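> The sequence isn't on hand, but the structure is:
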Ligand SMILES: [Zn+2]
């Protein structure tokens, strides 16, 4: 009987988030990503993709779950996975999620997992899975190359070409070899094209922060995701370039240290809810571990012009009392629409009454349409299947060799015709 590698995308052929891909060969299976959908399905029973043996004890044919990167839309259902299914994820990503779960106890915990390392193949039954590092702002983000039954499939994961590591794209293009199928993210392929969505590079974001902080006369407060490490790196370097100390709240500082970043590059401010969490759980070792780095409201009040504070937005009321927000420069380094939303009304009010000037300095974690198209053209793939996109039909018109699939549809990977077998 001819051996084939079969694929089905459970979620992602026409939406962003909730990614889940199942691959089968020789009677065995693996899964790439078990993500939480961005919008909950109408029926709760539709939340878990229909993968036998993933959520309850199966027949043993499901060999493992591979998580491409530590964002909830890719790992958010992993805590529901049956104990018998091994999970694989980058070790620094695991460390960051473990830290995160202390401060966000209601978020899904990430179960213990086996490590993934750049270009170190994992062999499971008929499958060889090789992670290739990609640039997506978080720790341990990978594209996953699956080889089985003589076929080669690359799942791009989420990535960008305008981050600090464009060499990751070059490395894949130059070395991944001939592919039968490329599953490529198309998050930013949208109606209207890329003209409206040109991204500054992460380097340009850093430069804008350097200039803003250098010109600032009083306090500088930045708001950024604690798991967007590329951004925290940019802000930290910009703060130090201006001779200011870089202050993270205890949550972001714990993640920073867990990621292996230098602890002496930061100071630590424990916000009221974070201190409450420490008291409630008697986890005093957490504050002891950063005792030499702590900064208290009195010091913030005394020398705001020597600091850059990077905090949760929920901390604005607390730090308002120190005066650091008075006539301050605020760097909003997240999606701009988030600040305009209803949930940020009181944050906006506090910033306004302190006369703080808000600058939007941000760039996306996803590749531009231009970079996506160039990547697809340069990678040698016989078939290209868009995933993680709201606009599959626009992807089909943009990506050469694109073939649209529907959620839940199994298909066999078509191989190179006889006599042209791939040797890459
Ligand atoms: Zn995603």
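Received it, and whenever you're ready, just let me know what you need. Computed from a predicted structure; not experimentally measured.
> Find the least confident helix or strand in the protein, judged by mean pLDDT.
Using mean pLDDT, DSSP states H and E, helix 336-340 stands out as the lowest-scoring helix or strand of the chain, at a mean of 90.
> C-terminal to that one, what's the next element?
helix 345-353 (DSSP states H and E).
> Pull the number of nearby residues for residue 280.
9 (other C-beta atoms under 10 Å). In this view, the C-beta of every residue, glycine as well, is placed from N, C-alpha and C.
> same question, residue 281
11.
> how much space between it and residue 248?
Distance, residue 281 to residue 248, using C-beta to C-beta, to the nearest Å: 20 Å.
> and the closest residue to residue 249 other than its chain neighbours, how many neighbours does it have?
Excluding its sequence neighbours, the residue lying closest to residue 249 (C-beta to C-beta, 6 or more residues apart in numbering) is residue 311, at 4.8 Å. With neighbours defined by other C-beta under 10 Å, the count for residue 311 comes to 21.
> quick one, what contacts residue 311?
221-223, 247-249, 252, 269, 271, 319 (C-beta atoms under 8 Å, 6 or more residues apart in numbering).
> Helices - which of those land there?
Judged by DSSP state H, these include 252, 319 as members of helices.
> export the contacts of residue 311 to a markdown table and tack on neighbour count?
Listed next are those as a markdown table, based on neighbours: other C-beta atoms under 10 Å:
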| residue | neighbour count |
| --- | --- |
| 221 | 26 |
| 222 | 29 |
| 223 | 21 |
| 247 | 25 |
| 248 | 29 |
| 249 | 23 |
| 252 | 26 |
| 269 | 27 |
| 271 | 17 |
| 319 | 24 |
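> So which of the contacts of residue 311 are in strands?
Among those, DSSP state E puts 221-223, 247-249, 269 in strands.
> which of those residues lies closest to the ion?
residue 223 (21.4 Å; C-beta to the ion).
> How far off centre is stretch 310-328?
Its chain's C-alpha centre and that of stretch 310-328 lie 27 Å apart, by C-alpha atoms, centre = their mean, to the nearest Å.
> One more: stretch 128-136?
13 Å.
> Flag every buried residue along that stretch.
Residues of stretch 128-136 classed as buried by neighbour count (16 or more other C-beta atoms under 10 Å): 129-136.
> how about those, which pair is most distant?
Greatest spatial distance in these: 129 and 135, 20.1 Å, computed using C-beta to C-beta.
> what about the strands in the stretch 301-424 of the chain?
Along the stretch 301-424 of the chain, counting by DSSP state E, counting those that start in this stretch, strands occupy 307-310, 329-332, 357-360, 381-387, 410-412.
> Export these as JSON lines, with columns for mean pLDDT.
Rendered in JSON lines, the data for the strands of the stretch 301-424 of the chain read as follows (pLDDT from 0 to 100):
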{"stretch": "strand 307-310", "mean pLDDT": "98"}
{"stretch": "strand 329-332", "mean pLDDT": "97"}
{"stretch": "strand 357-360", "mean pLDDT": "96"}
{"stretch": "strand 381-387", "mean pLDDT": "96"}
{"stretch": "strand 410-412", "mean pLDDT": "97"}
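> ok, and which of those strands has the densest surroundings?
Greatest average neighbour count among the strands of the stretch 301-424 of the chain goes to strand 307-310 (a mean of 26), per mean count of other C-beta atoms under 10 Å.
> In terms of residue numbering, what are the domains of the chain?
The record assigns the chain these domain ranges, following automatic domain parsing: 6-192+365-412, 202-360.
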